[in-house]
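Peer 1: Got a sequence here, can you model it:
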Amino acid sequence: MAIGESLLTVEDDIMTRYRGRTRGSRERHDEARKYLPAGETRSATWYTPYPTYMVAGEGAWLRDCDGNRYLDMLNNFTSLVHGHAQPDIVEFAADQLTRGTVFGTAAEPQVALAKLLIRRVPSFEKLRFTNSGTEATMMMMRAARAYTGRDIIVKMDGGYHGSHDFVEVSVSADMDAFDLPAAKVEGRGVPDAVLNAVLVAPFNDLQALEALLGQHHERVAGIIVEPMPNAGGMVPPAPGYLRGLRALADAYGVLLLFDEIVTLRLSSGGYQAIEGATPDMTAVAKIIGGGFPVGAFGGRQDIMELFDPVASPDFVFHSGTFNGNNMTMTAGLEAMQRLDEAAIARINGLGESLGAGVNRILRSLGIRAQCLGYGSLQQIHWTDRPVVSLADARRAGEGIGVLRQLLHLELLNRGVYTSNRGMFSITTPMTANDIALALAALEGALRSLMPYMRVAAPRLLRE
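Peer 2: Here you go, the predicted structure:
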């Protein structure tokens with residue numbers, strides 16, 4: 001069999017089985033394309049040949065419109081930390097629904113959730129709610145600019161903080177930069193003018209950041225960073241890196257802003273509590289909404305008072321039709337109360353077990369790849385070299401886009417739903433048996449792809 005034919009055989013087999021078991025999804029996708037660009041509303045949930053249409057979820061499991069069941073290791077991109085339709089959250093939300101969803105007035109449930117978050121997150125003295133993580137980082141950055149009177153925000157090369165213009169900069173890490181990467185707008189529609197207010201530094205490199213601050217600190221309002229970048233690949237911070245950021249921010253008189261939208265789940269106080277590095281402000285979202293749209297930003301009281309028209313006559317305006325709505329706050333409070341220290345320790349333990357199992361499988365198959373992350377968040381990187389920067393993570397994925405796509409589809413064929421970039425997220429209803437099931441599915445999927453890798457990605461094999 002010719003090389004090209006062997007590649008097509010593997011691809012065709014995976015695609016044929018996927019199409020055969022998801023005919024209903026194909027029909028719904030064809031209909032959706034008549035009304036929605038690409039048949040979708042979220043770029044992150046689209047994939048070829050078409051996305052699977054899920055119709056129900058319970059605990060750690062999803063069911064699609066064709067009746068197939070999947071172990072959900074994506075949980076709406078890490079946000080459903082208690083899985084689907086958790087009974088107590090459903091009960092509280094249903095009760096609130098009968099009494100009204102949002103009133104356009106002050107809402108008592110938001111106070112209770114704010115109290116809980118302020119008790120847990122070291123940097124929170126006061127906070128405000130939004131409807132998304134994008135809004136949370138946007139308002140956190142606006143607060144930093146208002147407080148300092150400066151315009152520039154420093155972000156990490158390859159860092160993702162939502163879809164507002166000022167963070168749609170250098171979301172794809174520069175793989176060719178030898179020192180400080182040049183900031184670049186990401187995608188069409190983002191004006192080049194934002195580059196006047198954004199500088200970029202490499203993640204996990206304090207020396208490069210210090211050089212940048214030494215040159216520009218008088219115009220810098222703050223530094224924004226995910227303690228462990230999510231879209232960048234779940235690359236952990238180097239030992240002392242986050243505390244080093246705190247020291248540099250203090251030394252140069254700029255604010256330190258943590259985006260803990262994804263990493264809050266890793267301890268009761270987020271990654272900042274794990275590392276003992278307290279920022280001036282923090283943005284959170286995802287898990288704090290109990291399955292409903294949510295975001296929040298907060299920090300030092302003197303900064304947050306900028307949003308108080310009594311404390312600051314020249315206050316920063318912040319509003320939103322559904323900010324702090326009763327439904328989200330009620331569900332979020334129950335979700336966060338259930339996510340206690342014991343629950344966090346348990347899912348972190350399952351996540352570490354998953355990561356160790358993935359690495360065992362990769363070694364046993366002779367695949368040059370590795371699983372990185374912390375606790376309940378893990379991701380595969382297609383290299384056996386150290387992955388320290390987000391450029392390292394991006395470089396590992398070069399030239400294997402089709403392989404990642406095929407692995408994603410083959411995992412779906414085997415009943416495991418995860419992201420098409422190889423990220424895994426653990427939820428509280430999962431058990432050790434679920435981890436074993438996921439590992440068995442992954443091993444089977446990788447074995448089926450070995451002939452493809454030998455031809456299309458031989459660099460990945462030790463044979």
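Peer 1: quick one: low-confidence parts of the stretch 351-463 of the chain?
Peer 2: For the stretch 351-463 of the chain, applying pLDDT under 70 flags the ranges 463.
Peer 1: so who does M453 touch?
Peer 2: Contacts of M453 were listed using Cβ atoms under 8 Å, 6 or more residues apart in numbering, and they are I367, L403, L460, L461. Glycine gets a C-beta too; all of them are placed from N, C-alpha and C.
Peer 1: Relative to T321, how far out is it?
Peer 2: Distance of M453 to T321, given as Cβ to Cβ, to the nearest Å: 50 Å.
Peer 1: show me where the stretch 301-450 of the chain has strands.
Peer 2: Defined through DSSP state E, counting those that start in this stretch, the strands belonging to the stretch 301-450 of the chain, from first to last, are 370-374, 377-381, 416-417, 423-425.
Peer 1: Would you mind giving these as a markdown table with mean neighbour count added?
Peer 2: Supplementary listing: the strands of the stretch 301-450 of the chain in a markdown table, determined by neighbours: other Cβ atoms under 10 Å:
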| stretch | mean neighbour count |
| --- | --- |
| strand 370-374 | 21 |
| strand 377-381 | 25 |
| strand 416-417 | 22 |
| strand 423-425 | 25 |
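Peer 1: right, so of those strands, which gets closest to D72?
Peer 2: Within the strands of the stretch 301-450 of the chain, the stretch nearest D72 is strand 416-417; the backing value is 5.1 Å (Cβ to Cβ).
Peer 1: tell me what that closest one is packed against?
Peer 2: The helices and strands touching strand 416-417, judged by 3 or more Cβ pairs under 8 Å, 6 or more residues apart in numbering; DSSP states H and E, are strand 69-72, helix 432-456.
Peer 1: if we look at that strand, which residues are touching it?
Peer 2: By Cβ under 8 Å, 6+ apart, strand 416-417 touches 52, 54, 62, 70-74, 411, 437-438, 441-442.
Peer 1: Return the distance of it from the chain's centre.
Peer 2: The gap between where strand 416-417 is centred and where its chain is centred comes out at 17 Å by Cα atoms, centre = their mean, to the nearest Å.
Peer 1: neighbouring strands for that strand, and are they parallel or not?
Peer 2: Here strand 416-417 has these sheet partners by DSSP bridges: strand 69-72 (parallel).
Peer 1: Mean confidence (pLDDT) on the strand it pairs with, please.
Peer 2: When the per-residue pLDDT values of strand 69-72 are averaged, the result is 99.
Peer 1: low-confidence ranges in the chain?
Peer 2: Residue ranges of the chain with pLDDT under 70: 1-7, 177-178, 463.
Peer 1: Domain map for it?
Peer 2: Structural domains of the chain, as assigned by automatic domain parsing, span the residue ranges 3-81+341-460, 87-338.
Peer 1: so which of those domains is the most packed in?
Peer 2: With neighbours defined as mean count of other Cβ atoms under 10 Å, these peak in mean count at domain 87-338, which reaches a mean of 20.
Peer 1: And the helices in the stretch 301-450 of the chain?
Peer 2: With DSSP state H, counting those that start in this stretch applied, the stretch 301-450 of the chain shows helices at 301-304, 326-338, 341-365, 390-396, 401-413, 432-456, listed in chain order.
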